[in-house]
Every structure is written in C-alpha cells, then in structure tokens.
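Novice: coordinates for the following, if possible.
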Amino acid sequence: MTEHSLWRFSRALHRAINERQPEDLENLIDDDVDWAIYGPIDMFPFLGARHGKAAVLEVCRQIADNIRVQRFDRESIMLGVDSAASMMRYSLTALDSNRPISLRLAQFAQFKAGRLLSMRVVVDTFDLVEQAIGRAIHLPKIA
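Specialist: Model prediction:
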C-alpha cells in the first residue's frame, strides 16, 4: 500500500512553514492548483483565494513570515483515493508578538497524480480574531 498524498503534502507544508524549506512542497502542488483559506482577509492578508502554483507558494511564504506551527492534531479525517477531508486543531505562535494562537479548521483537499489540485480551508474565524486582538468580542444579544 502506498502513502496517501495528504501525508506527503502535510509534511512538506509544515517544513515549508516552520523550516522555510519550500522545495519539497513545490513538487507536490499542481501547476493549476486552486486554493482558498476562508477567513478575515483584512487581518490576515495571506488568507483568501489563490490560483496557480506560484501564488500558492507565495502564500506559504507569507504564512511562514507570520506564524510558526507548534503542534497540530487531526480530530477526524476521511481519505478517498484522490481526496481528503479533516478537522484539525493547531497550536501556533504569532511571530510578531510571540503570542500563542489556538486554531480550529476544516480542510478539504483534492489530488491528481499525487499533487495538490484543490485546497479549501474553513477557519473558526471568530475565535481567531479574538486571539489576534487579545480580547473577547462582545456582540449584542439577539432578541
């Protein structure tokens, strides 16, 4: 049995972010990759949609300039032949403030010939924004 593409991509992504080694990641991304991380783009400009290998590699460099992955846990995962979906919890450190950030997300990936073809990530943005600004956000009660 061969290793699923998600495991190779995941290892390479974390090396690209934490160790600034994007070389392995380049070989695992399709030239026409379609990538989107849904979250507050105004606060985190590296979130949002990108298309093409060069744009995705640039996003990975921007992420590496802003955070460090301390730990991640897959809460649940479903693997298909060329697809994967997972719920994950990350422990990050913001490099500018050294502030810890706990993040929960859902990730949906599609692969073609072992390369990432499509990535969708949905971030628990309310919690992320509260951590980034360093205080709770109080919303008005809805009647």
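
Novice: quick one: residues in contact with stretch 70-78.
Specialist: 14, 84-93, 100 (CB atoms under 8 Å, 6 or more residues apart in numbering). C-beta coordinates here come from the backbone N, C-alpha and C atoms, glycine included.

Novice: give me the buried positions along that stretch.
Specialist: Using 16 or more other CB atoms under 10 Å as the test for burial, stretch 70-78 gives no buried residues.

Novice: what's the answer for stretch 110-122, then?
Specialist: Buried, per 16+ other CB under 10 Å, within stretch 110-122: 110-111, 115-121.

Novice: farthest pair within those?
Specialist: Using CB to CB, the pair of these lying farthest apart is Arg115 and Val121, separated by 17.6 Å.

Novice: so where's this structure uncertain?
Specialist: 1, 143 (pLDDT under 70).

Novice: so what's the residue count around Phe44?
Specialist: When counting by other CB atoms under 10 Å, one arrives at 19 neighbours for Phe44.

Novice: ok now do it, which residues does it touch?
Specialist: 66, 128, 132.

Novice: just to revisit the earlier point, selection in PyMOL covering whichever of the contacts of stretch 70-78 are buried, please.
Specialist: With 16+ other CB under 10 Å as the criterion, this PyMOL line picks the buried residues out of the contacts of stretch 70-78:
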select buried, resi 84+85+86+88+90+92
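
Novice: mind checking which of the contacts of stretch 70-78 land in helices?
Specialist: Secondary structure from DSSP state H places His14 of these in helices.

Novice: Asp42: which of the contacts of stretch 70-78 is nearest?
Specialist: Set against Asp42, the nearest of the contacts of stretch 70-78 by CB to CB is Leu92 (19.0 Å).

Novice: wait, the closest one sits on Arg68?
Specialist: Yes. Between Leu92 and Arg68 a contact is recorded at 6.6 Å, counting by CB atoms under 8 Å.

Novice: strands of this structure, start to end?
Specialist: 29-38, 48-51, 67-79, 83-94, 100-112, 115-123 (DSSP state E).

Novice: what's the spacing between the residue nearest to Ala106 when sequence neighbours are not counted and Glu23?
Specialist: Excluding the flanking residues, the one nearest Ala106 by CB to CB, 6 or more residues apart in numbering is Val122, at 4.6 Å. Here Val122 is placed at a distance of 29 Å from Glu23 (CB to CB, to the nearest Å).
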